[in-house]
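*Asks:* Show me the folded form of this:
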Amino acid sequence: MDDKPVQLNLFDKPFTCTVCGTDRFHKRLWEFKTPGSSFLKTGDHPIALICTQCGYVHCFMPKMGKFNENLSDSI
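*Replies:* All right, here's what the predicted structure looks like:
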């Protein structure tokens, strides 16, 4: 992936990967294409955070947390 990593503060705490503990993720919109996704409003898509270290995907409801997208290039 060629986009810059982001960090997430969730409930005023830094979020880290539940698998490897890193705090940097690639941010993507996640588009569900299943009947169970009807609880989302039209146009709302969950946010997928893909760990830059191990690749684990964390999924959050829209508008959860605050993202820091101004990270230095050193990972």
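*Asks:* Specify the local secondary structure of residue 63.
*Replies:* Secondary structure for residue 63, judged by DSSP: H, G, I helix; E, B strand; the rest coil, is coil.
*Asks:* tell me the pLDDT at it?
*Replies:* Residue 63 is assigned 72 on the pLDDT scale.
*Asks:* same question, residue 4
*Replies:* Predicted confidence (pLDDT) for residue 4: 87.
*Asks:* I'd like to know how many residues surround it.
*Replies:* By other Cβ atoms under 10 Å, the residues close to residue 4 number 14. C-beta: built from backbone N, CA, C; applies to glycine.
*Asks:* Likewise for the one 10 residues further on?
*Replies:* If you count neighbours by other Cβ under 10 Å, residue 14 ends up with 10.
*Asks:* List the residues that contact it.
*Replies:* 7-8, 23 (Cβ atoms under 8 Å, 6 or more residues apart in numbering).
*Asks:* same thing with residue 25?
*Replies:* Here residue 25 is in contact with 5-8, 17, 49-52, 58 (criterion: Cβ under 8 Å, 6+ apart).
*Asks:* Would you convert those residues into TSV that also reports neighbour count and distance to residue 67?
*Replies:* Formatted as TSV, the contacts of residue 25 follow (neighbours: other Cβ atoms under 10 Å; distance: Cβ to Cβ, whole Å):
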residue	neighbour count	distance to residue 67
5	21	10
6	18	5
7	20	7
8	21	6
17	19	15
49	24	9
50	17	14
51	21	15
52	17	14
58	17	13
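*Asks:* which sections of this protein are below the confidence cut-off?
*Replies:* When residues are selected by pLDDT under 70, those of the chain lie in 1-2, 31-44, 64, 68-75.
*Asks:* give me that answer again for 50
*Replies:* Applying pLDDT under 50 to the chain picks out residues 1, 74-75.
*Asks:* of the contacts of residue 25, closest to residue 65?
*Replies:* residue 8 (4.8 Å; Cβ to Cβ).
*Asks:* I'd guessed the closest one sits against residue 15; true?
*Replies:* Yes: Residue 8 is within contact range of residue 15, at 4.2 Å (criterion: Cβ atoms under 8 Å).
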